[in-house]
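Visitor: this is a predicted model, with the sequence first.
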Amino acid sequence: MSSKHHFAAVVQLPFAMVGITTSNNAISRIAFLPFDHPEQAATNPLASRCAAALQCYADDPTSPLDLPVLLQGTEHQQRVWQALQTLPCGTTISYGALAATLGSGARAIGNACRRNPVPLIVPCHRVIAKQGIGGFAGDRNGGQTSIKQWLLRHEGAL
């Protein structure tokens, strides 16, 4: 992640620093950053609202993340992201099961999850492998998967 990226806010959550980007009155990107990334006060009301909602989620995983999002992606990615938004807190679905539901392939589901611009709001962490939790944000066994583990434990799904 380039340090030159402009965030509308950066908040510290228990699992990572989280960068928030807004555009066109919507959240356009949520980025997981290292803990040494500095916090940044919100530069607009929507970023402030998102930061507060993420803090509430960190305290209580059932807190809604009902925020306007700008989801730019392929038709397939849009279908996957829509389906993810219907998964309740504390539940998981396998890549294969979601693929079967959408008439897709498990790898294509994984690719759509990897390209999700607003994780947490679109809860791609709730999609897991048939055995194990699978990867997260393109990472199969490093820092990003530890974030996924934290989120799933926090929601009571692990």
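Guide: Perfect, I can see it now.
Visitor: so which residue is dead centre in this protein?
Guide: Of all residues in the chain, the one closest to the mean position by C-alpha atoms, centre = their mean is Pro119, 1.2 Å from it.
Visitor: pretty sure that one contacts Ile30?
Guide: Yes. Between Pro119 and Ile30 a contact is recorded at 5.5 Å, counting by C-beta atoms under 8 Å. Backbone N, C-alpha and C define where each C-beta goes, glycine included.
Visitor: for the chain, which segments count as strands?
Guide: Counting by DSSP state E, the chain has these strands, from start to end: 9-13, 16-23, 26-33, 93-94, 127-128.
Visitor: and the fourth one, which strands flank it?
Guide: Read that as strand 93-94. Using DSSP bridges, strand 93-94 pairs in its sheet with strand 127-128 (parallel).
Visitor: quickly note the distance from Tyr136 to Ala16.
Guide: Let me fix one detail, which is that residue 136 is Phe and not Tyr. Going from Phe136 to Ala16 by C-beta to C-beta, to the nearest Å gives 11 Å.
Visitor: the more surrounded of the two?
Guide: For Phe136 versus Ala16, the count of surrounding residues by other C-beta atoms under 10 Å is larger for Phe136: 26 against 19.
Visitor: before we move on, the earlier item: now the common contact residues for Phe136 and Ala16.
Guide: Ile147 (C-beta atoms under 8 Å, 6 or more residues apart in numbering).
Visitor: flag the shaky bits of this structure, pLDDT-wise.
Guide: Scanning the chain for pLDDT under 70 picks out 1-4, 138-142.
Visitor: now for the longest helix along the chain, which elements pack on it?
Guide: Longest helix of the chain, by residue count under DSSP state H: helix 45-59. Counting contacts by 3 or more C-beta pairs under 8 Å, 6 or more residues apart in numbering; DSSP states H and E, helix 45-59 packs against strand 9-13, strand 16-23, strand 26-33.
Visitor: could you redo the last one with a cut-off of 10 Å?
Guide: strand 9-13, strand 16-23, strand 26-33, helix 143-154 (3 or more C-beta pairs under 10 Å, 6 or more residues apart in numbering; DSSP states H and E).
Visitor: so what touches that helix?
Guide: With contacts defined as C-beta atoms under 10 Å, 6 or more residues apart in numbering, helix 45-59 is touched by 7-15, 18-23, 25-27, 30, 39-42, 44, 62-69, 89, 118, 120-121, 150-151, 154-155.
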